[in-house]
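> Sequence and computational prediction follow.
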Amino acid sequence: MQHTTSLPELPNVAPSRFDKPTLERLIGVPRASHAPRILVLHGSVRERSYSRLLADEAGRLLQAMGAEVKRFDPAGLPLPDSVDADHPKVRELRDLAQWSEGMVWSSPERHGAMTAIMKAQVDWIPLSEGAVRPTQGKTLAIMQVSGGSQSFNAVNQLRVLGRWMRMLTIPNQSSVAKAYQEFDEAGRMKPSAYYERLVDVMEELVKFTLLTRDAAPYLVDRYSERQEQAPAFASGVRLSAI
């Protein structure tokens, strides 16, 4: 903390919990040398799922850029809250979320929105699990595929969802229109402006992950949460409630 005395211009701020961010604390942390760990989620279980094909193409690019990539298969994942969290598929997803330092979410657009399969995966990842927050401070790239003309409904929703999960959603994104035309019989993405955008997005994701992963605890540290954890604050809340 940067202040222990009173802040006359900020009478509503607790000085002992106030922090003046510094560049040194952002860049002065020890830097990890292992490959960035990226989890890829896709929102369809169809045999020829274009969101999965796009996710796999993203995974190849990420591996070529030096990342370690794991993709979760949503087939067999129960509906949220229909089973206990110790269900094997739920446990697998949560363990992967904790393992990851960044994520890629790839969803079809269905009825103008992300799919229920995509949303169910995120719903099974808790904001906190014990002392661990599986998504907070981790990077996120968002993508969608459409059967018709280009749309941004799903990625717009995914961006809101990423913010709610306290993730660092990168500025760039991918939206592939008429996806059935963009992949060959072997499931590989054809050369196109859509493919070039995908390369851009994965490159940006790796850069942001390398830049922020070591500083993530400091980046997401919040005054309001430090204040809530202060014993004096807690006592004041209890007294005011009497």
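That came in fine, so what should we check first?

> Next, give phi and psi for residue 104.
phi -120, psi 130 (degrees, to the nearest 10).

> what do you get for residue 113?
Dihedral angles (degrees, to the nearest 10) for residue 113: phi -150, psi 170.

> again with the one 3 residues further on
Reported as degrees, to the nearest 10, the phi and psi values for residue 116 are phi -60, psi -30.

> Any idea how many residues pack against it?
The tally of other residues near residue 116 (other C-beta atoms under 10 Å) stands at 13. All C-beta atoms are positioned from the backbone trio N, CA, C, and that covers glycine.

> need the longest helix for this structure.
Ranked by residue count, the top helix of the chain under DSSP state H comes out as helix 193-212.

> Geometric centre of this protein: which residue is closest?
In the chain, the residue lying closest to the centroid (C-alpha atoms, centre = their mean) is residue 140, at 3.8 Å.

> Wasn't that one part of a helix?
No. Per DSSP: H, G, I helix; E, B strand; the rest coil, residue 140 lies outside any helix segment and is strand.

> what's near enough to touch it?
With contacts defined as C-beta atoms under 8 Å, 6 or more residues apart in numbering, the neighbours of residue 140 are 102-105, 162, 165, 167-170, 205.

> Any idea what it is bridged to?
residue 103, residue 169 (DSSP bridges).

> separation between it and residue 116?
The gap separating residue 140 from residue 116 is 20 Å, by C-beta to C-beta, to the nearest Å.

> before we move on, the earlier item: let me have the contacts of residue 140 in a markdown table, adding neighbour count as columns.
Shown next, in a markdown table, are the contacts of residue 140 (neighbours: other C-beta atoms under 10 Å):
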| residue | neighbour count |
| --- | --- |
| 102 | 26 |
| 103 | 27 |
| 104 | 26 |
| 105 | 28 |
| 162 | 22 |
| 165 | 20 |
| 167 | 21 |
| 168 | 21 |
| 169 | 23 |
| 170 | 21 |
| 205 | 27 |
